[in-house]
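Novice: coords below, sequence missing:
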């Protein structure tokens, strides 16, 4: 069965770019299964493989469409890069589809990381980052209100948060502690990035320090795993 699925997957991949172009809708499942001389179950399994690879997108009740997958964005874990710089390094067009800014009491986990008391006032910035117009990252950034004061507003903020710290707040963030986790599919931030039922998302919990080793920024970065990849070189 797996051999047949792989065979059909390879046949379909050959058709993409020759017979079918980006944006094209594939013929119906029965017609394609008949043409490839396989069962509908085998054809459906092959389509699922290509959907996981980002080459096809299934819209239930509408059909299966050829899509152009975004290239992966590799990043070494030992280096500190902003999400925007990673997107640009892959020669993709960086964008931002939505931003929300609010003041609230600091939750316990974040307070512990930033050295605050639970309930202390913090500024929370939420951003959806896009690459070539497609959502690829959702960031939840928390800053102490005592650091920001009344400087932070949606009107005067754009671009790199690291640059904003340096140029507007006078603090250069130079070190970060990162934890990589797999968030639950029910996480409301994950839902902002899921492009199809097989999409996966990584969560990076990051605590940023300035040159005086003061923790000034706690970030939850949700990243599409089909776009962002991370690596580290380990030696004995």
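Specialist: It's in. These numbers come from a predicted model, not from an experiment.
Novice: helices or strands up against the lowest-mean-pLDDT helix or strand in the chain?
Specialist: Lowest on mean pLDDT, DSSP states H and E among the helices and strands of the chain sits strand 73-76, with a mean of 71. Judged by 3 or more CB pairs under 8 Å, 6 or more residues apart in numbering; DSSP states H and E, the packing partners of strand 73-76 are helix 83-89, strand 228-231. Yep, even glycine has a C-beta here, placed from its N, CA and C like the rest.
Novice: out of these, the one nearest residue 177 is which?
Specialist: strand 228-231 (14.8 Å; CB to CB).
Novice: walk me through the domains of the protein.
Specialist: The chain breaks down by automatic domain parsing into domains covering 2-66, 73-231.
Novice: what would these look like in JSON lines with mean neighbour count?
Specialist: Formatted as JSON lines, the domains of the chain follow (neighbours: other CB atoms under 10 Å):
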{"stretch": "domain 2-66", "mean neighbour count": "15"}
{"stretch": "domain 73-231", "mean neighbour count": "16"}
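Novice: so residue 54, which of the three states?
Specialist: What DSSP: H, G, I helix; E, B strand; the rest coil gives for residue 54 is coil.
Novice: got a pLDDT number for it?
Specialist: pLDDT for residue 54: 75.
Novice: same deal with the one 5 residues further on?
Specialist: Residue 59 carries a pLDDT value of 86.
Novice: my read: it touches residue 67, true?
Specialist: No. Between residue 59 and residue 67 there is no contact under CB atoms under 8 Å: 10.6 Å.
Novice: close enough to count as contact, residue 218 and residue 112?
Specialist: No. When contacts are counted by CB under 8 Å, residue 218 is not listed as touching residue 112 (9.6 Å).
Novice: once you drop chain neighbours, what's closest to residue 102?
Specialist: Closest residue in space to residue 102, ignoring its immediate chain neighbours: residue 124 at 5.4 Å, by CB to CB, 6 or more residues apart in numbering.
Novice: then residue 39?
Specialist: Counting by CB to CB, 6+ apart, residue 39 lies nearest to residue 33, which is 6.3 Å off, once chain neighbours are set aside.
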